[in-house]
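Asker: Kindly generate the corresponding structure for this input.
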Amino acid sequence: MANIRNLKGVGEAKAKLFAALDIDTVSDLLHYYPRTYSDRRKNAPLGSFKHIEDICGCFKVLSAQGIKARSLDIFKVMLEGEDKQIYEAVWFKKRTFKFDSLLPLRQTFKTGAWFWIVGKRENKNSFTDRKILVEEYYPLDSTDLKYNVDALIPLYSLTKGLTQKFLRSCQANALQNYLVDEEEVLPLDLLKKRGLLQSKQAIKAIHFPVSMAELENARRRLIYEEFLLMTLAFNLKARQKFVVQKKHKYTLTKKYLTPFKNNLGFSFTPSQVKVINEIFKDMLAPTAMTRLVQGDVGSGKTVVAISALLLAVESGLQGAFMAPTEILATQHFITLNKYLKPLGINTALLTSKTTAKERQTLLNKLANGEIQILIGTHALIEDKVEFKNLGLIVIDEQHRFGVKQRAKLRQKAEQVDMLSMTATPIPRTFALAFYGDLDVSTISELPKGRQEIKTFHTSETEAFLKAKEAVSRGEQVYIVYPLIDESDKLELKAVTAEFEAAKIKFPGINLGLIHGAMKPKEKQKIMEDFLAKKIDILFATPVIEVGIDVKNATVMIIENAERFGLASLHQLRGRIGRGDKASTCYLVTKNLSTISKERINIICQTCDGFKIGEKDLEIRGPGEILGTRQSGELEFKAGDIIRDKDVLKWAVEDRDYLVNKDFFLTLPEHSALKRRLIELYQKKWPLIDLG
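Answerer: Alright, predicted model coming up:
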């Protein structure tokens, strides 16, 4: 379709502004949907797009007056509405001394003239307030009336230099002259099955709907199209792993697996056994594995990952284990060493803090195969890191890595198997849409003996009292703060300052401090001392959110809990309750917004990771959950996967129908859909990575 600069009224300068909105063609413009609407119909009811502060109607000018203030020029117009009431319209313009900024308004608003006025009441809470802060105005004989008043009017996200009025004018022009060129991409049978509008109808109605019903029908059609294309794109990526067979093979000898299982000191849960079997089946298959293991905090994902790594090692292959933070990578290294060193398996740790000399020695051993499992942070994806025969990659907390980072690690070997893990459970419909039914494993139960953690929203005084009681019982406590040092800008508790003050508040109690700015050896020493019960209360930043496993820790206090997201609160809470003792989490807050209050209520009401994951998905969005936000793969123009989950379900069902009917979309009725899918895949989703 035509370049946007060819649209009437645009040109080169405006085309550059449109480019900032990712609008390069007229088709891009037609698919640039409104963010919301303004109900400017006469006598419009208060509803989704009409609010008590909104004013839109016809008014006659009674008088006009300009007022020059110190830094502002103010223009006031007395108006008579069609309801015969008197209104006062007000404009504020930044004062300049070069010209009369009010001159255009003086020349326009002549006594007796009629105008459409759009604005807000000065007193937003008073339905009777008749002072209007003007946003738009149109003479009664203006040619712009059709697309700006007396209708459901679209409001778009803008960039500096573009106005709502201009953008609406461009959309109207595009609809009139270019909509005819828009291709219908959805097959007729699916349109009929779901009762959806055709493409041209939906595009016209999404911009300038004649009714709320038409708008809803247009939205449903365009949302469905987005979701269907997206799920097909992910399905296409999933199919790629079946095209090329991997060169490496696994042999299940149980040389290491059996002694590992016998030395664990506990039995796998039925859920863990099921997931391990699913992983082994994938690894033994001729094509590369891409599997996500989701399980709540403390469900035992690490021992499942170790089992997979052991299958790789006993098959003569190497494994890589990547974690998002240094402290978590270190914790995993300690855990793996604990279980694998007695078996004679060589492991190593690589982070940004590894010294140059240690790094070179490590890289040499890795390249010749002497190191069988390498644990580390983002350092693993560096170009100099070369494996001799890498077979399996494990990524912990996969959503914390971007698509490109995961893809780069996977390029360390041909057709390498990938196992990703997350403690942020994903709702089933969402998982089906983005991963496919066979690529997600769920550890649905906690180990035997674990008790549910009770969570309370309380005062700091009460929380500290509970901490002292726990220490008196021989148990240990975490106190978590959002900052390391005091901040002038944010009135938040700072862990270093509070740690010093705590020496007076907790007399005779052994205290420890850990945060991300410490040197690795310092953090390691603190972790070991806490595990050895040399520290009763550990003051920390969210650096302990993942990775630390101390069964004797039964109390957690989270200061300024309103500053943490749902997932972080749930992860932090998961550091306690890892033994058989009753555990409690206390949330201390200061200033609660509506969203913060909602998060606190949710975390106090449930320990169910799936419920928390669903709400977290709603609040944060899918991109952050899946680790795709930085590449923008999941930015929808019309849809919202939570609000529109029923339409998402349709899209998943119809994707499966299409794939079963026409795997490669070669039928004539699917040609337009395939063209659109390839176009989007090449432009928007080239890096989709299911791991």
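
Asker: From now on I want contacts and neighbour counts done on CA atoms only, so please keep to that.
Answerer: Fine.

Asker: So A367 is in contact with F387, correct?
Answerer: Yes - in this structure, A367 is within contact of F387 by Cα atoms under 8 Å, at 4.9 Å.

Asker: Those two: who's more crowded?
Answerer: F387 (25 against 16; other Cα atoms under 10 Å).

Asker: That one belongs to a strand, doesn't it?
Answerer: No - using DSSP: H, G, I helix; E, B strand; the rest coil, the assignment for F387 is coil, not a strand.

Asker: Would you enumerate the residues in contact with it?
Answerer: Residues near F387 by Cα atoms under 8 Å, 6 or more residues apart in numbering: Q318, L366, A367, N368, G369, K412, A413.

Asker: Once you drop chain neighbours, what's closest to the fourth one?
Answerer: Setting aside the residues directly before and after it, N368 is nearest to K388 in space (Cα to Cα, 6 or more residues apart in numbering), at 5.8 Å.

Asker: Could you give the number of residues near that neighbour?
Answerer: With other Cα under 10 Å as criterion, K388 counts 17.

Asker: Over to V471?
Answerer: For V471, using other Cα under 10 Å, the count is 18.

Asker: Repeat that for E382.
Answerer: 12.

Asker: and what of A497?
Answerer: 12.

Asker: any idea how far it lies from A463?
Answerer: Separation of A497 from A463 (Cα to Cα, to the nearest Å): 18 Å.

Asker: same deal with K534?
Answerer: Distance from K534 to A463, counting by Cα to Cα: 22 Å.

Asker: More neighbours: the two, which one.
Answerer: Legend: neighbour count by other Cα under 10 Å for K534 and A463, higher for A463 (24 against 14).

Asker: what about the helix or strand hosting the more buried one, average pLDDT?
Answerer: Using DSSP states H and E, A463 falls within helix 460-472. The pLDDT scores in helix 460-472 average 95.

Asker: contact partners of it?
Answerer: Helix 460-472 is contacted by residues Q476, V477, F506, I509, D536, I537, T554, V555, I557, E559, Y586, V588 when judged by Cα under 8 Å, 6+ apart.

Asker: Look up the pLDDT of the residue nearest to the first one when sequence neighbours are not counted for me, please.
Answerer: Sequence neighbours aside, A553 is the residue nearest to Q476 in space, at 4.3 Å (criterion: Cα to Cα, 6+ apart). Looking at A553, its pLDDT is 93.

Asker: For A553, what are phi and psi?
Answerer: The phi and psi torsions at A553 (degrees, to the nearest 10) take the values phi -80, psi 120.

Asker: Ok, M322 next?
Answerer: phi -110, psi 130.

Asker: any idea how far G376 is from it?
Answerer: Computed as Cα to Cα, the M322 to G376 distance reads 5 Å.

Asker: Quick check: neighbours shared by these two?
Answerer: Counting by Cα under 8 Å, 6+ apart, the residues touching both M322 and G376 are A329.

Asker: and the end-to-end length of stretch 183-200?
Answerer: Across its full length, stretch 183-200 reaches 8 Å between end residues, using Cα to Cα.

Asker: What are the contacting residues of that stretch?
Answerer: 179-180, 182, 217-218, 220-222, 225, 654, 669-670, 672-673, 676.

Asker: hang on, the earlier thing: among the contacts of F387, which lie within strands?
Answerer: The members of the contacts of F387 that map onto strands under DSSP state E are Q318.

Asker: Among the contacts of F387, which one sits closest to Q85?
Answerer: Nearest to Q85 among the contacts of F387 is K412, at 74.5 Å by Cα to Cα.

Asker: Is V297 in a helix, a strand, or coil?
Answerer: Assigned with three-state DSSP, V297 falls in the coil class.

Asker: Likewise for M527?
Answerer: With three-state DSSP as the basis, M527 sits in helix.

Asker: how far away is it from Q164?
Answerer: Going from M527 to Q164 by Cα to Cα gives 57 Å.

Asker: These two: who's more crowded?
Answerer: Set M527 next to Q164 and count neighbours by other Cα under 10 Å: M527 wins out with 23 against 16.

Asker: Now do the helices in the stretch 351-500 of the chain.
Answerer: 356-367, 403-410, 428-434, 460-472, 495-505 (DSSP state H, counting those that start in this stretch).

Asker: Out of the ones you listed, the one nearest I612 is which?
Answerer: Of all the helices of the stretch 351-500 of the chain, it is helix 428-434 that lies closest to I612, at 13.7 Å by Cα to Cα.

Asker: Assign a three-state SS to L349, would you?
Answerer: Applying three-state DSSP: L349 is strand.
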